[in-house]
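> Curious how this folds, go ahead:
(2 chains)
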Amino acid sequence: MRIESIVAGAVNRFFEENNLPLPDQSMIQIQKTRREFSGDITLVVFPLIRIMKKSPAEAGEELGRYLKQLPQISEFNVIKGFLNLLIESSYWTRFVSEIYSKDNYGISEKSGPADTVLVEFSSPNTNKPLHLGHIRNNLLGYSISLILEANGFDVKKVNLVNDRGIHICKTMLAWEKWGDDKSPADAGMKGDHFVGKMYVLFENAYRKEVDELVAGGMSVEQARIDAPLMVEAREMLRKWEGGDPGVYRLWEKMNGWVYEGFDVTYRKLGVSFDRIYYESDTYHTGKEIVEEGLAKGILKKKEDGSVWADLTDRGLDEKLLLRSDGTSVYMTQDLGTAVMRQKDFNAGKMYYVVGNEQDYHFRVLSLILDELGYEWAGSLHHISYGMVELPSGKMKSREGKVVDADNLIDEMIETSGRLSAELGKLDGVSGEEKEDIIRKIGMGALKYFILKVDPKKNMVFNPEESIDFNGNTGPFIQYTHARICSLMNKAGEHGITPERGESGIITLTGKEVRVVSLLHDFPDVITEAGKNSSPALIANLLYDLAREYNQFYHDHPVIRENDDRVRNFRLQLSLATGNVIRMGMGLLGIEMPEKM
RNA sequence: GGUUCCGUAGCUCAGCUGGAUAGAGCAACAGCCUUCUAAGCUGUGGGUCCCAGGUUCGAAUCCUGGCGGAAUCACCA
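So this is what the prediction gives:
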């Protein structure tokens, strides 16, 4: 049993034996002892003094004397209402001996098909390549999926591709006009970048047209509608919706280019999906659902033919679901997608990893599904994450103020290679192995940089100051792991391997205890990370662990230790640390080199 | 304007459902490699936790009101 539960149980017994009312569970607060005091864990006695009717000092003393009887508690002291408990080394050595060789420590087994959950992430538009904002989305979505799996859920990762709409038509029109019938291969570009370039060509020419119309005296709003390019794009959208074979072929061809490009980026990021949905499919279902709602009288049609959901009873406004011309909007498609998915997977929960700019949209989506009578409407859960901003503010694709995903990835790997060379770290390694290590480190730096930040918060990325490889970074944690691998190899060469079982009666140093106690926290952190959809919690623990381990490593001999029992414990401790780091980083989607 | 979120060191971020003298990293400066990987370790300086009230034995954390910033409130997605 975990030490916190043992102590909490003993506190309860104390009240029982003294015929006092039992304290509420929330009153038994156990936390880590702050470093400046002596002890490992601390019971906060303030909440208990009311029942005990004693001063904090007296209550602490009394509880301390009682708890010291536990075989796991060796010492105690009371300072200002805080009861600090020193844990017997044998508790820690036994704990380490139990987990050091497990490759599933902290991981919950799958609990069955009833616990299927669905995670949507990525959700790209097919008119431009992925940028840093998408990277955050993909890394979060993928990591959260892994974390939910580690919490025992059967996770389905799904992607919803926004492959239809006016923005796609803009790229098609631009290609027809200025593409010279070239393919991405002809242009020597990745498909998504090539199509993205078409989008930019359109936007630039369109802006020029608008400017000219405005100069001629037209209002900006009207100019945006009347600009010849926009008229053509809308015409193309109508043809697409009408199933015009020529337009449809072009649409398929250009989307194909984009998907080829996306695949490359996804592979580099190491993300994958169990199922991909396309809005060009789901919007049909969405329309049907709206028609049904209309027939049932839940939705209402206005005179101009547009269809609305009335959410004024719920404290919100009315929401448009079909335009007056009968075409669907964003919400329509999301309704369809949700219903299709529920049919496909019957998931207990559907998570949407989507930026916080869409908080309102998802509140409305869930409410409308509820209005329409879907009893699973409450199972939608928006994992809302903050924007990635540049020092100059928000990224804006139309102004070219974006950090391109592929460029960034390439730069990270390049930097990784340069640093390795400067430090002479991989001089003994060559070829594919070397490339692989360099790639893992570069990607580790990028992924950790993004994931260590609380998802809910906006974060700032400064392209001028490239992502660090020292300090609180992915490579720092990877390095710690590589060190441990190297240590174990060296130990093996000396014929030293950790022996199973407890290492015998030894007294641990403060640094050893700090490392063990972080390992001890790992399962709880996985649980919390699952509940809060926050990979950052895992990242923070791993950083603390790596830092504490490096301190331990700095001033404790392992292989060179003469006392067999101590040496064995330190080997187990090192192995356990390496395993937890590897598993934990695995949950962030970060690979671990064995040397670097 | 309504709603939601945010405001912690020069910069980037931790700080869990209230607990001890608010912590890391980067940047700056000063040290540590005949010893298991120096992408490491140690030390120094750096704070009105936006402001003002309130609740509490105790508030960066909870409540109210300001100030500042962001998002959203589309027949865009």
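> Helix or strand: which one has A:Lys268?
Using DSSP states H and E, the element containing A:Lys268 is helix A:245-269.
> should've said A:Trp240
helix A:228-241.
> average pLDDT for that helix?
The pLDDT scores in helix A:228-241 average 90.
> check whether it contacts RNA strand B.
No. Helix A:228-241 lies out of reach of RNA strand B by Cβ under 7 Å from any atom of the strand, never closer than 9.0 Å. Yep, even glycine has a C-beta here, placed from its N, CA and C like the rest.
> Enumerate every residue touching the residue nearest to A:Asn470 when sequence neighbours are not counted.
Nearest residue to A:Asn470, sequence neighbours excluded (Cβ to Cβ, 6 or more residues apart in numbering): A:Phe476, at 6.5 Å. When contacts are counted by Cβ atoms under 8 Å, 6 or more residues apart in numbering, A:Phe476 touches A:Phe469, A:Asn470, A:Tyr543, A:Ala546.
> how much does the helix holding A:Trp240 deviate in direction from helix A:245-269?
Counting by axes from the mean of the first three to the mean of the last three Cα atoms, to 10 degrees, helix A:228-241 lies at 90 degrees to helix A:245-269.
> quick one: buried residues of helix A:228-241?
Residues of helix A:228-241 classed as buried: A:Leu229, A:Met230, A:Glu232, A:Ala233, A:Met236, A:Leu237, A:Lys239, A:Trp240 (neighbour count, 16 or more other Cβ atoms under 10 Å).
> Then stretch A:494-511?
A:Ile496, A:Pro498, A:Glu502, A:Ser503, A:Ile506, A:Leu508, A:Lys511.
> What of stretch A:101-114?
A:Tyr105, A:Gly106, A:Ile107.
> ok, now which ones touch the last one?
Meaning A:Ile107. Contacts of A:Ile107 by Cβ under 8 Å, 6+ apart are A:Ala150, A:Ile526, A:Met583.
> and if we set it to 7 Å?
A:Ala150 (Cβ atoms under 7 Å, 6 or more residues apart in numbering).
> okay, it: pLDDT?
Per the predicted model, pLDDT is 94 at A:Ile107.
> now the residue of chain A found nearest RNA strand B, what's its secondary structure?
Per Cβ to the nearest atom of the strand, A:Gly471 is where chain A lies closest to RNA strand B, at 2.1 Å. Three-state call for A:Gly471 (DSSP: H, G, I helix; E, B strand; the rest coil): coil.
> For A:Ala482, see how far away it is.
Look at A:Gly471 and A:Ala482: by Cβ to Cβ, to the nearest Å, they are 17 Å apart.
> And the next helix or strand past the lowest-mean-pLDDT helix or strand in chain A?
Least confident helix or strand of chain A, by mean pLDDT, DSSP states H and E, is strand A:393-394 with a mean of 82. Note on strand A:393-394: by DSSP H and E, the next helix or strand toward the C-terminus is helix A:405-423.
> is RNA strand B contacted by the helix or strand that comes right after that following helix?
The C-terminal neighbour of helix A:405-423 among helices and strands, as given by DSSP H and E, is helix A:431-451. Yes. Using Cβ under 7 Å from any atom of the strand, we find that helix A:431-451 touches RNA strand B at A:Ile441.
> CA atoms only for helix A:431-451 - export them in PDB, please.
Taking Å, rounded to 0.1, in the frame of the first residue of the first chain, the C-alpha atoms of helix A:431-451 are listed here in PDB:
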ATOM      1  CA  GLY A 431      25.200   6.400 -40.700                       C
ATOM      2  CA  GLU A 432      21.600   5.600 -40.000                       C
ATOM      3  CA  GLU A 433      22.000   5.200 -36.300                       C
ATOM      4  CA  LYS A 434      23.500   8.700 -36.000                       C
ATOM      5  CA  GLU A 435      20.800  10.300 -38.100                       C
ATOM      6  CA  ASP A 436      18.200   8.500 -36.000                       C
ATOM      7  CA  ILE A 437      19.700   9.800 -32.700                       C
ATOM      8  CA  ILE A 438      19.900  13.300 -34.100                       C
ATOM      9  CA  ARG A 439      16.300  13.200 -35.300                       C
ATOM     10  CA  LYS A 440      15.100  11.900 -31.900                       C
ATOM     11  CA  ILE A 441      16.900  14.700 -30.100                       C
ATOM     12  CA  GLY A 442      15.600  17.400 -32.400                       C
ATOM     13  CA  MET A 443      12.100  16.200 -32.200                       C
ATOM     14  CA  GLY A 444      12.400  15.700 -28.500                       C
ATOM     15  CA  ALA A 445      13.300  19.300 -28.100                       C
ATOM     16  CA  LEU A 446      10.400  20.500 -30.200                       C
ATOM     17  CA  LYS A 447       7.800  18.200 -28.600                       C
ATOM     18  CA  TYR A 448       8.800  18.800 -25.100                       C
ATOM     19  CA  PHE A 449       8.900  22.600 -25.600                       C
ATOM     20  CA  ILE A 450       5.300  22.500 -26.700                       C
ATOM     21  CA  LEU A 451       4.000  19.900 -24.300                       C
END
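> Counting neighbours, which bits of that helix end up buried?
Buried residues in helix A:431-451 (16+ other Cβ under 10 Å): A:434, A:437-451.
> so where do the helices sit in the stretch 1-150 of chain A?
Secondary structure of the stretch 1-150 of chain A by DSSP state H, counting those that start in this stretch: the helices cover A:3-17, A:46-52, A:56-67, A:89-99, A:132-150.
> just the ones you listed: most buried one?
helix A:132-150 (a mean of 24; mean count of other Cβ atoms under 10 Å).
> Okay, angle between it and helix A:431-451 too, please.
90 degrees.
> right, and the helix or strand after helix A:132-150?
strand A:154-161.
> what does the average pLDDT come to for the next helix or strand after that next one?
Downstream of strand A:154-161, the first helix or strand assigned by DSSP H and E is helix A:166-178. Helix A:166-178 carries an average pLDDT of 94.
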